[in-house]
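**Q** Starting from these lines, generate the structure:
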Amino acid sequence: MRYWFKWFLEPTAAFLNRIGLTPNAITLAGLTGNIIGAIWLANGQFLWGGIMVLLMGPLDALDGTMARLRGEASEWGAFVDSVTDRFSELVIFGGLLYYFTTQGQTLWVILVYAAAAGSVLVSYTKARADSLKYDADIGVLTRMERYMILAPALVLGIPQVAIAIVAVLANVTAAQRIWKVRAQAHARMKQK
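**A** Take a look at the predicted model:
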């Protein structure tokens with residue numbers, strides 16, 4: 001997505017750098033916005049919560065672009081950005097979990113949990129594979145796809161559709177990554 005929207009991201013990031021904002025400020029603004037969105041979602045205000053989540057999505061790409069343009073891209077910055085992204089995603093699911101719990105909708109509570117668990121596993125399997133020098137770049141539902149499904153569904157007031165899709169496909173993505181690493185691990189063992 002960053003490649004496709006480079007025409008927008010780079011000039012916007014350059015502008016934000018010129019006015020004195022830092023990549024970390026943008027990261028924190030995105031997290032703060034998602035927390036506010038999650039509070040609205042927890043109260044059943046899907047339109048406002050969805051708009052906030054939709055507006056915060058581009059900030060995820062801007063902070064890294066800003067750091068690169070400043071010549072300040074670092075492993076620490078990438079780490080903070082990645083952790084903040086996970087927290088943002090989980091706080092959104094937390095807001096939905098709270099809402100469905102207060103409505104007594106047990107099926108949707110379970111599916112929100114499955115969506116959150118799958119989302120975390122998608123990221124964790126990739127990070128763990130990378131740490132072991134395996135390639136886990138595979139899967140039908142990465143973070144960007146989850147965002148592109150969840151944010152519009154929230155704005156349209158149909159969070160159940162997005163939750164169901166993410167609950168299934170995020171876990172499928174985690175399984176795809178596990179399977180790919182398994183194949184690489186077996187191939188590596190045969191070489192020894």
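**Q** can you give me the helices in the chain?
**A** With DSSP state H, the ranges of helices along the chain come out as 6-18, 23-42, 46-70, 75-102, 106-131, 143-155, 159-191.
**Q** May I see those organised as a markdown table, with distance to Asp137 added?
**A** To be clear about C-beta, it is placed using only N, CA and C from the backbone, and glycine gets the same treatment. Output for those, formatted as a markdown table (distance: least, CB to CB, whole Å):
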| stretch | distance to Asp137 |
| --- | --- |
| helix 6-18 | 20 |
| helix 23-42 | 23 |
| helix 46-70 | 17 |
| helix 75-102 | 15 |
| helix 106-131 | 8 |
| helix 143-155 | 13 |
| helix 159-191 | 8 |
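**Q** ok, now how distant is Arg188 from Val181?
**A** Arg188 sits 10 Å away from Val181, going by CB to CB, to the nearest Å.
**Q** Tell me how many other residues crowd Gly139.
**A** Using other CB atoms under 10 Å, Gly139 has 19 neighbouring residues.
**Q** per-residue confidence for the residue nearest to Leu21 when sequence neighbours are not counted?
**A** For Leu21, ignoring the flanking residues on the chain, the nearest one in space by CB to CB, 6 or more residues apart in numbering is Met66 at 7.5 Å. Listed pLDDT for Met66 reads 92.
**Q** quick one: the closest residue to Phe46 other than its chain neighbours and Ile51, what's the gap?
**A** Distances taken as CB to CB, 6+ apart put Gly157 closest to Phe46, at 4.7 Å, once the chain neighbours are dropped. As judged by CB to CB, Gly157 and Ile51 stand 11 Å apart.
**Q** So if I had to pick from these two, which one is more boxed in?
**A** Between Gly157 and Ile51, counted using other CB under 10 Å, Ile51 has the larger neighbour count: 16 against 12.
**Q** Let me see the contact set for that one.
**A** Gly37, Val155 (CB atoms under 8 Å, 6 or more residues apart in numbering).
**Q** That one and Leu96: what is the separation?
**A** 15 Å.
**Q** Quick check: the residue nearest in space to the middle of the chain vs Asp85, distance?
**A** By CA atoms, centre = their mean, the chain has its centre lying nearest to Arg143, at 4.1 Å. Counting by CB to CB, the gap from Arg143 to Asp85 is 7 Å.
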